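Asker: Got a predicted structure plus its sequence, pasted below:
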Amino acid sequence: MLHKVKHKGIALLVLAAAQFMVVLDATITNVALPAIRDALKFASQADLQWVVTMYALTFGGFLLLGGRLADLYGRRRIFLAGTVLFATASLFAGFAQDPTQIIILRGIQGLGGALLSPSALSLVLTIFSETKERNRALGVWSMVAAGGGAVGLLLGGILTQYVDWRWIFFINVPIAILVAIMTFRFVPGGKPEKTESVDVVGAFSVTGSLIALVFALAKAAENGWSASVTITSFVVSAVLMAAFIINELRVKHPLINLASFRRRNVTGGALMMLLMPASMFGFFFYISIYLQQILGYTPTQTGLADLPFTATILVVAGVLSRFATRVNPKVILSIAPLFAAAGLLFFARMPVHATYLTDILPGMILMSTGMAAVFVMATIAATNGIPHQLSGFVSGLLNTSQQIGGAIGLAVLTVISTAATKSQLADLKAIPTQGVVNDALVHGFHQGFLAATIFAVLASGIAIFVFKTHKATATEELGEPVNEAEALAAIPGA
């Protein structure tokens, strides 16, 4: 148990600052992708997407393990370990000289975030034990974490344009040092509360399987589906996933309690959190390249252009959180993905010469409205009626699904868009001009957005045929503050 904390407000700010750093890093990188591609000489979009997907895969793959380690070895200890690891990886990522280096370091960053994030939230919930002060603390936590997403978009553009893209990683170092110093002084250490074993095999096998799957998809885009490296990678992924499932069924304290999927709403929530971020990761990846390479936006202009997406998510999520007890989540979950699908269809016809207000902003608002509604209501529906001892696991599972779904979705969309671009360029008999290359790229983006639309429509189908929900009561909402905190903190960073 924790001792009485004298400076709760400072402790909250320290923990929220660490979460701010993790969320900031999720969005700040998107704006800098074209600069990273040019500086480190990435050969293709299939290679470039690893800058995003490797972080998401290790973050999502080790997130549940990070929470378990915090229980076993102490929350502050794991929180500090995650902070140091995240900062160290950020420092070396800023000095990366080739694609391989930055991809590996992004994976280590994700591992640091997976240790840091659940430990930080757990410390907040333990320090603020009374209902009223806990709700206020969670409000601050959510606002700071949400702000990280918006600040990341703008700051990423400013640093990339006026300083150097490497500073999107260097900036984490002073923040982490300050957080570590303040943690020793103001955040209580506490004692481990559980003695069960850690499912390290499960964490590494599932993460390895997902990395192999994304690698196979990337190689399929470059070398074709029948290439030996592609087939071998798919086989490795399947073997590791089979090993993970067998391990989870046999180990005493599994990383993922497979029996939880017998609850339809848990299964439905996890599936929706796989499908919706699958389209959103692709959106940010494509729009960053489109705005800068096709339309000629500066990195700062790109960050500003993306801000309405985050702003709309915050507004819609805030409104829905207030009225969540008055509506049936299934109704909103059935309709909201179609808003996102409409936005993606809007982008599937964006021209080479576009106007922001007419060709980009409407689709962005449609998509972000649907995304926000899904994130909030899927979390409420999946956790509603869950026993208290499972609430943390289910919330962590939803966040894990969000990261993994986004990473795999981006890999799939990259295969589709790359194939479409290559096909159009292959029909040319002469060396293509820059204008012709841009036409081919936009054609590839169109196919990617169309595929992303399918993800959103499938999510609507999951809501209709899998979910079995009722309106959440006010008592249920207040009884599990951890669920709302974890859900809202994850939205902007996705």
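Answerer: Noted; the coordinates are in hand. Keep in mind that what you see is a predicted model, and the values were worked out from it rather than measured. Numbering: from 1, shown residues only.

Asker: C-alpha from now on. contacts and neighbour counts both.
Answerer: Noted.

Asker: which other helices and strands contact the helix ranked longest in the chain?
Answerer: Looking across the chain with DSSP state H, the single longest helix is helix 388-426. In terms of contacts (3 or more CA pairs under 8 Å, 6 or more residues apart in numbering; DSSP states H and E), helix 388-426 is packed against helix 45-48, helix 50-73, helix 200-223, helix 264-289, helix 361-383, helix 434-465, helix 481-490.

Asker: quick one: residue 183 and residue 13 touch, right?
Answerer: No - in this structure residue 183 lies outside contact range of residue 13 using CA atoms under 8 Å: 10.1 Å.

Asker: helix or strand right after the helix or strand residue 152 falls within?
Answerer: Residue 152 is located in helix 131-162, with elements delineated by DSSP states H and E. Remark: after helix 131-162, the chain's next helix or strand is helix 167-170, criterion DSSP H and E.

Asker: okay if I get the helices and strands packed on helix 388-426 as CSV plus distance to residue 24, mean pLDDT and mean neighbour count?
Answerer: Converted to CSV, the helices and strands packed on helix 388-426 look like this (distance: least, CA to CA, whole Å; pLDDT from 0 to 100; neighbours: other CA atoms under 10 Å):
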stretch, distance to residue 24, mean pLDDT, mean neighbour count
helix 45-48, 20, 86, 22
helix 50-73, 13, 88, 25
helix 200-223, 23, 90, 22
helix 264-289, 14, 90, 25
helix 361-383, 18, 88, 25
helix 434-465, 24, 92, 22
helix 481-490, 11, 39, 22
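
Asker: Can you check which of these gets nearest to residue 351?
Answerer: With CA to CA, the closest approach to residue 351 among the helices and strands packed on helix 388-426 belongs to helix 434-465: 7.6 Å.

Asker: helices and strands around the closest one, which ones?
Answerer: The contact analysis (3+ CA pairs under 8 Å, 6+ apart) places helix 434-465 against helix 264-289, helix 329-347, helix 388-426.

Asker: For stretch 416-430, which outside residues touch it?
Answerer: Stretch 416-430 has contacts (CA atoms under 8 Å, 6 or more residues apart in numbering) with 45-46, 221, 432, 437, 440-448, 451.

Asker: Kindly export that stretch (C-alpha atoms) in CSV.
Answerer: C-alpha atoms of stretch 416-430 as CSV (Å, rounded to 0.1, in the frame of the first residue of the first chain):
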residue,chain,number,x,y,z
ILE,A,416,-2.7,-2.2,-51.6
SER,A,417,-1.6,1.3,-52.3
THR,A,418,2.0,0.3,-53.3
ALA,A,419,0.6,-2.3,-55.7
ALA,A,420,-1.8,0.3,-57.3
THR,A,421,1.0,2.8,-57.7
LYS,A,422,3.4,0.3,-59.2
SER,A,423,0.7,-0.9,-61.6
GLN,A,424,0.0,2.5,-62.9
LEU,A,425,3.7,3.3,-63.4
ALA,A,426,4.4,0.0,-65.1
ASP,A,427,2.1,0.9,-67.9
LEU,A,428,4.3,3.8,-68.9
LYS,A,429,6.7,3.4,-71.8
ALA,A,430,8.8,6.5,-71.0
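
Asker: That one: how far from the chain's middle?
Answerer: Relative to its chain's centre, stretch 416-430 lies at 30 Å (CA atoms, centre = their mean, to the nearest Å).

Asker: What residues sit buried inside it?
Answerer: Using 16 or more other CA atoms under 10 Å as the test for burial, stretch 416-430 gives 416, 417, 418, 419, 420, 421, 422, 424, 425.

Asker: mean confidence score for that stretch?
Answerer: Averaging pLDDT along stretch 416-430 gives 83.

Asker: hmm, back to that, of the buried residues of stretch 416-430, closest to residue 23?
Answerer: Taking CA to CA as the measure, residue 23 lies nearest residue 417 of the buried residues of stretch 416-430, at 27.3 Å.

Asker: From residue 380, how far off is that closest one?
Answerer: Counting by CA to CA, to the nearest Å, the separation of residue 417 from residue 380 is 34 Å.

Asker: related to what we said a few turns ago, adding distance to residue 114, write the helices and strands packed on helix 434-465 out as TSV.
Answerer: Shown next, in TSV, are the helices and strands packed on helix 434-465 (distance: least, CA to CA, whole Å):
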stretch	distance to residue 114
helix 264-289	18
helix 329-347	28
helix 388-426	10
